[in-house]
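**Q** sequence and predicted model, in that order:
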Amino acid sequence: MQASLISDRQFEIIQATGKILSSAGVSGLTIKNLAKEMGFAESAIYRHFDSKEAIIIAMLDFLAENMEERLGRVLSHQKNPREALRQFSTTSSRILLKTRTLWSLFFPMG
């Protein structure tokens, strides 16, 4: 699944998944907990994703595609490699700080 092809509802599910991963870790991520977090029936989650693994893969795909797009924009506008890296790092940090629920995927504690 390409990140640019996800629906608004799938994006909401991905965000809720990140929230659960941040607070309860992978073991806390169940379809039941995800449905509860979103106020849905479990069957509603399965209408958008086949499994918990499919949700995690979609989340990682979304993050990777988003990162590639940002890097491409920086490189196309910035000729100085050091400045390009600085801009990309700054932008990436801002996004991670805005989406703290996804932070634990990159920097797990413990």
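**A** Right, received. Where do you want to start?
**Q** ok, and the closest non-adjacent residue to the residue nearest the centre of the chain?
**A** For the chain, residue 59 is the residue whose C-alpha lies nearest the centre (CA atoms, centre = their mean; 4.2 Å). Spatially, and ignoring its direct neighbours in sequence, residue 59 is nearest to residue 14 (4.7 Å; CB to CB, 6 or more residues apart in numbering). (C-beta placed from N, C-alpha, C; glycine too.)
**Q** give me the distance between that neighbour and residue 52.
**A** According to CB to CB, to the nearest Å, residue 14 stands 12 Å off from residue 52.
**Q** those two - which one has more neighbours?
**A** residue 14 (24 against 16; other CB atoms under 10 Å).
**Q** what's the offset of the longest helix seen in the chain from the middle of its chain?
**A** Criterion DSSP state H: the longest helix present in the chain is helix 52-77. Relative to its parent chain, helix 52-77 has a centroid offset of 8 Å by CA atoms, centre = their mean, to the nearest Å.
**Q** right, and the helix or strand after that helix?
**A** Using DSSP states H and E, the helix or strand that follows helix 52-77 towards the C-terminus is helix 81-98.
**Q** determine the set of other helices and strands touching that following helix.
**A** helix 52-77, helix 100-106 (3 or more CB pairs under 8 Å, 6 or more residues apart in numbering; DSSP states H and E).
**Q** that older thread, quick one: the residue nearest to the centre of the chain from residue 66, how far?
**A** 11 Å.
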